[in-house]
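Student: Prediction below, plus the sequence it came from.
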Amino acid sequence: MEKQRNIFSDNTAKLIAEKNRIRRVIREFITVITENQKLKDADLVFLKIESLSEFQNAKTIMMYWSDINELPTHTIIQKWSAEKQILLPSVCGDDIKIKRFDINQKMKRGIFGILEPDITANYSGKIDLVIVPAVAFDIKKNRMGRGKGYYDRFLKNTKALRWGVGFDCQLLLSIPTYKNDIKMDKIITPTHIIE
């Protein structure tokens, strides 16, 4: 029994170490992408998304307000907020709470310094589509986040479509996964769509 526990601990430690190594490498890749290129990449990704019928038919879409290491989303959020209900995540304790985005409403810095709607009401209705950020994806539609599990806990409780988006350097052949990691339905980068 003790030997089995040690093997499990060793495997878990190796998995954590490999995930952390990938996070460091991807961060280095992203730091060399210019702001102009990030915006071009975002345009390419969201042009693909806008052409898909699932996006066109979706009434309520959860996105993310991007930070410097993520595919930019500010323009697409503002563009579609007049026609669709756009939702943004807000970290509260160990979970994500969902807030409605309103272009005329103030935003505030959340727990990790990421902007979120400055409202107290949480959205609890139907979500048609979730646009999901990540540190890395792989061609089997696995996703690796920053290691806190916020999106995995949220996504396991929604029936919404899950589309991962990112830069080309974030799409790998394979990433280490845990059994509770939630797979994407699609992954979209500037030059790939994985279905």
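Tutor: Thanks, I have the structure now.
Student: give me every residue that touches the spatially most central residue of the chain.
Tutor: Most central in the chain under C-alpha atoms, centre = their mean is P133, positioned 1.8 Å from the mean C-alpha point. The neighbourhood of P133, defined by C-beta atoms under 8 Å, 6 or more residues apart in numbering, consists of 64, 66, 70-71, 145, 164-166. C-beta here means a position set from N, CA and C on the backbone, and glycine is covered the same way.
Student: what's the following helix or strand after the longest helix belonging to the chain?
Tutor: Longest among the helix segments of the chain by residue count, using DSSP state H, is helix 2-31. Scanning forward in sequence from helix 2-31 by DSSP states H and E, the next helix or strand is helix 35-51.
Student: Between helix 2-31 and that following helix, find me the angle.
Tutor: Inter-element angle recorded for helix 35-51 and helix 2-31: 110 degrees (by axes from the mean of the first three to the mean of the last three C-alpha atoms, to 10 degrees).
Student: So which elements touch helix 35-51?
Tutor: helix 74-80, strand 161-165, strand 186-188 (3 or more C-beta pairs under 8 Å, 6 or more residues apart in numbering; DSSP states H and E).
Student: Please name the nearest non-neighbouring residue to A42.
Tutor: Once flanking residues are discounted, A42 sits nearest to P72: 4.3 Å by C-beta to C-beta, 6 or more residues apart in numbering.
Student: what about the one you found, how many neighbours?
Tutor: Number of residues near P72 (other C-beta atoms under 10 Å) recorded here: 20.
Student: so it makes contact with S66?
Tutor: Yes - under the contact definition of C-beta atoms under 8 Å, P72 touches S66, with a separation of 5.0 Å.
Student: quick one: which of the contacts of P133 has the most company?
Tutor: V165 (29 neighbours).
Student: Go through the biggest strand by length in the chain and flag the buried ones.
Tutor: Of all the segments of type strand in the chain, defined by DSSP state E, the longest one is strand 85-92. Neighbour-count burial for strand 85-92, counted by 16 or more other C-beta atoms under 10 Å, picks out 85-90.
Student: Identify, from the contacts of P133, the entry nearest to N157.
Tutor: The closest of the contacts of P133 to N157 turns out to be G145 (C-beta to C-beta; 16.1 Å).
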